[in-house]
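Colleague: pasting the sequence and the predicted model now:
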Amino acid sequence: MNKGHFQPTGTASQPFPAGLKNAWSRGIALLLTLMLLHGCASLQPNFENPTVTINSFEVLPSSGMLPRFAIGLHVINPNRTPLTLQGLVYTVAIEDHKILTGVANDLPKIEAYGEGDIRVEASVDLLEGLGLLSGLMRQQQGSSVEYTLNARLNVSNLLPDIEISDSGQIDLAAAMRPQ
């Protein structure tokens, strides 16, 4: 062996050792996968978040101390591709108290430029509910309360979740008036 001279470990027909060749192959495969995912993410550059609003609210029979509710959500898809919803996570807060939380996974497909309704069930957070009641008892009669709906829609494993927030006010005086 000559000192100071490089001695290749491969042969003329195989210039790289097998371990190095496998590492290069994995690296190139990873790079191509990342480029493909980046390309898929940019396929819908004009994607608009769907609109999610509450369109119904119903008290369900409960077997325990905590009441359960059915919440109707209306989803509007302003995009040219359908939304195949795989999952939904949501919270409803009143006066900054997260009163209702829930998840759903049996969801309809919302067609392109279409709309659809989703019915989900939610349970009350007891401590947050008590905090809300305490706050409402201190409020002046006839005032309104603020609500916030936060929803996270999962449309695909390859695309990021869609986060949606809707807020408004509920006029307590109008809600208490007999119909």
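Modeller: All right, it came through fine. Numbers count the residues shown, from 1 in each chain.
Colleague: ok, which stretches of the protein are strands?
Modeller: Ranges of strands in the chain, per DSSP state E, are 51-60, 68-76, 83-84, 87-94, 97-104, 109-110, 115-124, 144-154, 162-171.
Colleague: got these as a markdown table, with mean neighbour count columns?
Modeller: For every residue, glycine as well, the C-beta is placed using N, CA and C. Output for these, formatted as a markdown table (neighbours: other CB atoms under 10 Å):
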| stretch | mean neighbour count |
| --- | --- |
| strand 51-60 | 13 |
| strand 68-76 | 17 |
| strand 83-84 | 16 |
| strand 87-94 | 19 |
| strand 97-104 | 18 |
| strand 109-110 | 16 |
| strand 115-124 | 16 |
| strand 144-154 | 17 |
| strand 162-171 | 13 |
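Colleague: out of those strands, which is closest to residue 135?
Modeller: Residue 135 lies closest to strand 97-104 among these, at 7.4 Å (CB to CB).
Colleague: partner strands of the closest one and their direction?
Modeller: Sheet pairing here is set by DSSP bridges, and for strand 97-104 it gives strand 87-94 (antiparallel), strand 115-124 (antiparallel).
Colleague: got TSV for the ones you listed, with distance to residue 63 and mean pLDDT too?
Modeller: TSV is the format used below for the strands paired with strand 97-104 (distance: least, CB to CB, whole Å; pLDDT from 0 to 100):
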stretch	distance to residue 63	mean pLDDT
strand 87-94	22	89
strand 115-124	11	88
